[in-house]
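**Q** Let's see this in three dimensions:
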Amino acid sequence: MKLLRLAPENTKFPFMRFRRVSYPFSAVLSIASVLLFILHGMNFGIDFAGGTVIEVRAKSGHAEMATLRKTVETLALGDVEVQAFGNEADATLRFGLQDGGDAAQQAAVEKVRSAVGGDYDLRRVEVVGPRVSGELVQSGTLGVVLSIVAVLTYLWFRFEWQFAIGAVIATMHDLLLTVGFFSITQLEFNTTSIAAILTIVGYSLNETVVVLDRIREMMRKYKKMPTDQMIDLSINAVLPRTIMTATTVFLALLSLAIFGGHVIRSFSLAMIWGIFVATYSSVFICSPMLIYLGLRSDENDKAPEPAPSKPAKAARAKPKAA
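**A** Numbering: from 1, shown residues only. A predicted model of the protein is given here:
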């Protein structure tokens with residue numbers, strides 16, 4: 001039985017030949033992402049921008065999410081998140097801060113109470129202020145930074161220092177492009193988006209470590225092969241695995257984006273973007289960096305000189321006769 005292959009066997013694609021194009025291309029995208037973040041900003045959700053959370057319970061014992069969402073969307077409160085909560089009778093409603101201060105926020109709560117009060121009991125009303133939102137931003141940023149530092153430490157001891165630096169540069173590249181993706185698409189950025197970013201970091205590092213591990217294996221096997229050819233050989237060796245992994249994850253996330261509903265759509269779309277960015281960076285960002293960091297010096301490329309034999313040593317040690 002012949003197994004399914006998404007990539008032909010024994011490919012010899014010269015990936016390193018494109019490193020002079022991939023680096024300027026990625027630099028432009030990274031700078032554009034930073035400018036978009038500064039000038040265009042992000043579409044922060046209630047978790048970061050502040051708003052009101054209302055917990056309701058259906059009097060009938062079963063909360064209809066679609067009907068409830070359609071009802072609150074007619075109240076002109078902006079983007080409203082409706083999520084199942086706890087058992088099948090509970091749900092939460094979230095909407096952003098209203099123009100007009102506390103009075104407008106209380107009026108919005110009364111609108112919700114009047115619209116759904118006949119079928120639902122309001123069990124809890126909580127206002128998330130800007131101070132709490134700022135703490136969430138700091139906590140989320142600290143989590144991302146600490147994860148990168150932990151990975152850097154692991155790669156530094158697991159591989160050579162060039163590998164660690166290349167992996168961190170590729171990971172930072174993926175983070176910048178993901179932030180740019182959220183900024184240009186204006187997908188809602190909330191705590192679920194933080195989870196998506198951390199997942200992208202994990203996926204990117206997984207792809208990078210697979211490639212780096214094969215490069216290290218090829219370094220030991222082909223000691224006299226030029227570095228760029230050795231890296232090309234390593235990437236082509238793991239290419240079928242990379243394509244198969246990316247394809248299966250993409251299909252799963254595509255299903256979530258189409259059928260998963262509004263709640264996890266931003267997570268699914270961000271992850272789809274992250275798959276392509278992570279695969280690209282492991283091949284065209286991290287791997288060429290090993291060449292620029294001098295993974296192999298000229299001395300390493302030379303064959304080691306044979307050790308002198310014991311008779312020769314003895315001959316040199318024997319004094320000449322007068």
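
**Q** Now do residue 255: how many residues are near it, please.
**A** 11 (other Cβ atoms under 10 Å). In this view, the C-beta of every residue, glycine as well, is placed from N, C-alpha and C.

**Q** so what's it scoring on pLDDT?
**A** The model reports residue 255 with a pLDDT of 91.

**Q** Distance check, it against residue 192.
**A** Distance from residue 255 to residue 192, counting by Cβ to Cβ, to the nearest Å: 17 Å.

**Q** One more: residue 258?
**A** Using Cβ to Cβ, which is the criterion applied here, residue 258 is 17 Å from residue 192.

**Q** Compare those two and say which is more crowded by neighbours.
**A** The neighbour count for residue 258 versus residue 192, taken as other Cβ under 10 Å, is higher for residue 192 (17 against 10).

**Q** which residues does that one contact?
**A** 263, 264, 266, 267 (Cβ atoms under 8 Å, 6 or more residues apart in numbering).

**Q** Quick check: next helix or strand after the strand or helix carrying the last one?
**A** The one in question is residue 267. Taking DSSP states H and E as the criterion, residue 267 maps to helix 265-281. Counting by DSSP H and E, the element after helix 265-281 in chain order, helix or strand, is helix 287-292.

**Q** which strands and helices sit next to that following helix?
**A** When contacts are defined as 3 or more Cβ pairs under 8 Å, 6 or more residues apart in numbering; DSSP states H and E, helix 287-292 sits against helix 19-35, helix 161-185, helix 191-221, helix 227-259.

**Q** how about a cut-off of 7 Å?
**A** helix 161-185, helix 227-259 (3 or more Cβ pairs under 7 Å, 6 or more residues apart in numbering; DSSP states H and E).

**Q** Including distance to residue 112, could the ones you listed go into a markdown table?
**A** Compiled in a markdown table, the helices and strands packed on helix 287-292 are given as follows (distance: least, Cβ to Cβ, whole Å):
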| stretch | distance to residue 112 |
| --- | --- |
| helix 161-185 | 28 |
| helix 227-259 | 28 |
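
**Q** which one of these is the most hemmed in?
**A** Mean neighbour count (mean count of other Cβ atoms under 10 Å) peaks for helix 161-185 among the helices and strands packed on helix 287-292, with a mean of 21.

**Q** and the angle from it to helix 265-281?
**A** In terms of direction (axes from the mean of the first three to the mean of the last three Cα atoms, to 10 degrees), helix 161-185 departs from helix 265-281 by 140 degrees.

**Q** in its sheet, what does the next helix or strand after helix 161-185 sit against?
**A** Of the helices and strands lying after helix 161-185 in sequence (DSSP H and E), the nearest is strand 188-189. Sheet pairing of strand 188-189 (DSSP bridges) gives strand 43-44 (parallel).

**Q** which residues sit against the strand it pairs with?
**A** When contacts are defined by Cβ atoms under 7 Å, 6 or more residues apart in numbering, strand 43-44 is touched by residues 186, 187, 188, 189.

**Q** what about that strand, distance to the chain center?
**A** 18 Å (Cα atoms, centre = their mean, to the nearest Å).

**Q** So for that strand, mean pLDDT?
**A** 80.

**Q** Quick one: name whatever helix or strand follows that strand.
**A** Following strand 43-44 toward the C-terminus (DSSP H and E): helix 46-49.
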